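Asks: Let's see this in three dimensions:
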Amino acid sequence: MVIDAGAGVSLSDIHFSYRNRETGIRTPVLRGVDLACRPGELVAIQGPSGSGKSTLLYLMGGMLTPDRGQVLYQGRDLTRMQDRELAALRSRQIGFVFQQFHLLPRASVLDNILLPTRYITQDGGTVPPELRERARSLASRLGLAEQLDKSPNQLSGGQQQRVAIARALLLEAPLLLADEPTGNLDTENSQEVMKILREEARAGKCVIVITHEPEIAALCDRIIPIRDGRVSGAGLESRASISEVASTQSRPRPLHSLTELLKRMPPSVPLAWDNLKRTKVRTALTLVGVTIGIAAVLSMLTIGAFVRDRLLSGYEALGVNKVILNGSPNWELKATDPVPAVFKSFDPDKDIESLKRVFPQIRFASPIYSGWRDTIDYGGNEYAGARVMGVDVDYSDITNRRVARGSWFNRSHMLNRSPVCLIGSDIAERIFPTGGGVGEVAHVVTGSGSDYTCQVIGILAPVQTNVEGDRSNEHVLIPYTFFPGVSGVWESNLRDIAVQVSPEADIIETGTAMRGYFMSKFGSSIRVRVNSDAVLVAQMQRFISSFRALLISIAFLSLAVGGIGITNMMLVSVSERFREIGLRKAVGATRLDIRAQFLTESVLVCSIAGLLGIGIGFFACELLIYIGSNVLSNLEFAWVFHPGAWAVSSLATLGVGILSGIVPAWRAEKLEVIEALRSE
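Replies: Numbers count the residues shown, from 1 in each chain. As a prediction, this is how the structure comes out:
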């Protein structure tokens, strides 16, 4: 039978039993209870210990769900409501006075009274001024005006009880449920509390009081005796005008959990901060792990990038982003083979210009004419086996060749086909044993038998190269426009083009593409080879990538350890705050509110640790670079800011904060109200 108490509360055929989690055995508490309370009534429920009085209140407050039966409040069936709907009902429609008070031990009296206001808005916003004023008025009415800034442990039992009553009255809920509200008060204060509850009932509220005291029960409009889980005959008299009704109120529309979670986290920051401050030592020790992890991530990423850039720039200085295109005629070409054009040699101007147009990643390009077994002498000092090469001005930038003394070619040398030359360091030591040489005129005999003179305008700085047989320090460089006129017929054919590509370009891929370009232009009449140090660069890049991956793995491992530390801290915090969680749920917190609270605490801890870690990691990097610059002569100190490392560190901070808080938040939100409130 469905019974109705109008806009009040009614229970019909309620059965309830507690289940032992370990044994699974159920202990019946309520057996077919029917009762009702209408607005304007002050009802007392009396009975011995263990008769089910408190359980009845928990059922009417939506904190327990019966095994069977129906709980109607304002025409709505509480047994069919979802957790979020019940939480909304408790926050706005029901005021509960607990027998054990259930005050937040580290919050002030005023904050305890204002606790329900946190959950009356979807975003947990600030307390409206009128409610704050009402809280002060209730405190004054209950004799607590001088205690508002104190914590509960500074109050007597009676004062704590009055704080709990003020909290229940704050939002003027239509239904007030009081479990032994005068149990810790003297006679005078008990009379005052009952006077307040009677006034609330006269104001149109439904007030239900559990009491052991006959004199307190006598102050109520009606007494409902309960024994052995059943209401006695005296309590059934209130059912004379009970009639069947159906729920007429629709459920609120479900809200998107993620959106709501994100909305509720920012207002939870002050509460999270207060909770962390109360466990300063534990929080500080937990911060250390994440701080070290974030610092390691930032420093390893930054140092890895710094080492990579410095190593690759060092290799670039040796010309490793240089590509040498070698083209030679295909002597096996048949007369019947169709070709777009027959290749004899590269054109030093047309082919290079077209190459630059097709491949914008080319920074510099230079033709390379090469002699063979040349001899250079000055004043009777001879160097046999020199290699004379005709190059352009850009050859210096392509190969990073520099002069130790004198100057490099200029454009006028190319345009005027000037008879000038640059000689390698090994040659200079031989033909100019006393030093100098710049401005002198040297004599060159080519391998084909021709000879000429050139003015030495510079001595090349010694270089190292990993190209076998290159002998760079035995080179003699002359303008490429001058070379064909002083060399043999065979040497005057241009076979090589030196190209430097931009650092971000793939050397191997670009070289292959340029080879394909000439193959499509000359068909099978050309044989094209691509020579570069790209393989060495690729190996170095793989080594650096593996090295960075190792460093980053170690860094993230330390970060994971720090994250586990936060998870453990939060799990301990959940265990220590069972009653607080239960109380918050009792006054209207939803699972989403609890989830937001603990996730916010976790993210806040990680954010603090992340800021410290990023700062420490940055200065640790700079310190290592500074030490390295003092130890290694070729390493120059520089302030290094790696945006990617900062971005990854920031995302890692947020990720660890969320991941480390998921399990504790899940455990906290799954707690049942009564189970949490009764925990030790």
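
Asks: how about stretch 552-571: buried residues?
Replies: Judged by neighbour count (16 or more other C-beta atoms under 10 Å), stretch 552-571 contains these buried residues: 552, 555-556, 558-560, 562-563, 565-567, 569-571. C-betas here are computed from N, CA, C, even on glycine.

Asks: neighbouring contacts of it?
Replies: 282-283, 286, 288-294, 296-297, 299-301, 304, 598, 601-602, 605-606, 609, 652, 656-657, 659-661, 663-665, 667 (C-beta atoms under 8 Å, 6 or more residues apart in numbering).

Asks: pull the CA atoms of that stretch into PDB?
Replies: In PDB, the C-alpha atoms belonging to stretch 552-571 read as follows (Å, rounded to 0.1, in the frame of the first residue of the first chain):
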ATOM      1  CA  ILE A 552      63.400  10.400 -20.800                       C
ATOM      2  CA  SER A 553      62.300   6.900 -19.800                       C
ATOM      3  CA  ILE A 554      64.300   7.200 -16.500                       C
ATOM      4  CA  ALA A 555      62.800  10.700 -16.000                       C
ATOM      5  CA  PHE A 556      59.200   9.400 -16.500                       C
ATOM      6  CA  LEU A 557      59.900   6.400 -14.300                       C
ATOM      7  CA  SER A 558      60.900   8.700 -11.400                       C
ATOM      8  CA  LEU A 559      57.700  10.800 -12.200                       C
ATOM      9  CA  ALA A 560      55.600   7.600 -12.100                       C
ATOM     10  CA  VAL A 561      57.100   6.800  -8.700                       C
ATOM     11  CA  GLY A 562      56.200  10.300  -7.500                       C
ATOM     12  CA  GLY A 563      52.600   9.900  -8.900                       C
ATOM     13  CA  ILE A 564      52.300   6.600  -7.000                       C
ATOM     14  CA  GLY A 565      53.300   8.500  -3.800                       C
ATOM     15  CA  ILE A 566      50.500  11.000  -4.400                       C
ATOM     16  CA  THR A 567      48.000   8.100  -4.900                       C
ATOM     17  CA  ASN A 568      49.100   6.600  -1.600                       C
ATOM     18  CA  MET A 569      48.800   9.900   0.200                       C
ATOM     19  CA  MET A 570      45.400  10.500  -1.200                       C
ATOM     20  CA  LEU A 571      44.200   6.900  -0.300                       C
END
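
Asks: just the buried residues of stretch 552-571 now: which is nearest Arg118?
Replies: Met570 (20.2 Å; C-beta to C-beta).

Asks: Surely that closest one is within a helix?
Replies: Yes - under DSSP: H, G, I helix; E, B strand; the rest coil, Met570 falls within a helix.

Asks: Within the helices and strands, which one has the residue lying closest to it once chain neighbours are set aside?
Replies: Spatial nearest neighbour of Met570, excluding adjacent residues (C-beta to C-beta, 6 or more residues apart in numbering): Pro664 at 3.5 Å. Under the criterion of DSSP states H and E, Pro664 resides in helix 643-670.

Asks: what does whichever helix or strand comes after that helix contact?
Replies: Downstream of helix 643-670, the first helix or strand assigned by DSSP H and E is helix 673-677. Outside helix 673-677, the residues that touch it by C-beta under 8 Å, 6+ apart are 58, 63-64, 98, 100, 102, 578-579, 581-583, 585-586.

Asks: in helix 673-677, what counts as buried?
Replies: For helix 673-677, the neighbour count (16+ other C-beta under 10 Å) marks Val673, Ile674, Ala676, Leu677 as buried.

Asks: Which one of the residues you listed is nearest to Pro484?
Replies: Within these, proximity to Pro484 (C-beta to C-beta) peaks at Ala676, which comes in at 94.0 Å.

Asks: Okay, that closest one and Asn473: tell me how far apart.
Replies: Applying C-beta to C-beta, to the nearest Å, the value for Ala676 to Asn473 is 82 Å.

Asks: quick one: least confident helix or strand in the chain?
Replies: helix 233-236 (a mean of 44; mean pLDDT, DSSP states H and E).

Asks: re the thing from before, show only the entries of the buried residues of stretch 552-571 found in helices.
Replies: Using DSSP state H, the subset of those located in helices is 552, 555-556, 558-560, 562-563, 565-567, 569-571.

Asks: follow-up on the earlier one: now for the helix holding Pro664, which elements pack on it?
Replies: On a contact count with 3 or more C-beta pairs under 8 Å, 6 or more residues apart in numbering; DSSP states H and E, helix 643-670 meets helix 280-317, helix 534-576, helix 591-631.

Asks: what sits against the residue nearest to Pro338 when sequence neighbours are not counted?
Replies: Nearest non-adjacent residue to Pro338, counting by C-beta to C-beta, 6+ apart: Gly523, 7.2 Å away. Contact analysis of Gly523 by C-beta under 8 Å, 6+ apart lists Asp337, Pro338, Val339, Pro340, Ala341.

Asks: Can you tell me which of those residues is nearest Cys220?
Replies: Set against Cys220, the nearest of the contacts of Gly523 by C-beta to C-beta is Pro340 (108.9 Å).

Asks: Can you get me the start-to-end distance on stretch 103-120?
Replies: From its first residue to its last, stretch 103-120 covers 19 Å (C-alpha to C-alpha, to the nearest Å).

Asks: any low-confidence regions in the stretch 401-550 of the chain?
Replies: Across the stretch 401-550 of the chain, the ranges flagged by pLDDT under 70 are 464-470, 532-541, 544.

Asks: can you give me the helices in it?
Replies: Here the stretch 401-550 of the chain has its helices, by DSSP state H, counting those that start in this stretch, at 411-415, 425-431, 483-486, 507-522, 534-576.
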